[in-house]
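K.L.:
Sharing a model that was predicted from the sequence below.
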Amino acid sequence: MSPEYAMKGIFSIKSDVFSFGVLLLEIISGKKNNVYFHEDPSISTLIEHVWDLWKKCRALEIVDSSMADSYPAHEVSRCIQIGLLCVQEIASDRPTMSSVVFMLENETKIPTPNQPALIMKRTLKGLESSTSETGSCSINQMTMTVLDPR
């Protein structure tokens, strides 16, 4: 679910793009975004982990280990980049689905993604949150979600 819909109830065609990006990254990694566990306690989601590896130019480390080396690295790298474009924090920065399909089908230049949505670093205690390395944080600086039935 896109962050703008989850936090503010704003739905647009870019909400579907966000969901597609999450699915793309889940397929590549073989892991789910919402139950992702990593040895680094400051990383709580798959998207955070992919972004962290992308910034370190090590994005292919996210590929599901069952794939071994049986994949074209260039194509998977493009898919990771497209997935990160789809989950950018600002909805207007995300591509349209037709642009995503075009990027997947053609060897065109792909823009560099900006920081994904909901990236938040936590302290070791997990009780406090601080801004990520780039200085951004969630819109309301909250880490707790309260679920209410409709």
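P.N.:
Done, it's in.
K.L.:
which secondary structure elements does the helix of greatest length in the chain contact?
P.N.:
Using DSSP state H to assign secondary structure, the helix with the most residues in the chain is helix 13-29. With contacts taken as 3 or more CB pairs under 8 Å, 6 or more residues apart in numbering; DSSP states H and E, helix 13-29 sits against helix 3-8, helix 46-55, helix 73-86, helix 97-105. No exception for glycine: its C-beta is placed from N, CA and C like everyone else's.
K.L.:
Can you lay out the ones you listed as JSON lines showing mean pLDDT?
P.N.:
JSON lines is the format used below for these (pLDDT from 0 to 100):
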{"stretch": "helix 3-8", "mean pLDDT": "67"}
{"stretch": "helix 46-55", "mean pLDDT": "91"}
{"stretch": "helix 73-86", "mean pLDDT": "94"}
{"stretch": "helix 97-105", "mean pLDDT": "95"}
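K.L.:
Tell me, how many residues neighbour K55?
P.N.:
K55 sits with 12 neighbouring residues when counted by other CB atoms under 10 Å.
K.L.:
how near is it to V101?
P.N.:
Separation of K55 from V101 (CB to CB, to the nearest Å) stands at 26 Å.
K.L.:
For K56, give its distance to F102.
P.N.:
Look at K56 and F102: by CB to CB, they are 28 Å apart.
K.L.:
between these two, who's got more neighbours?
P.N.:
Between K56 and F102, F102 has the larger neighbour count (other CB under 10 Å), namely 12 against 9.
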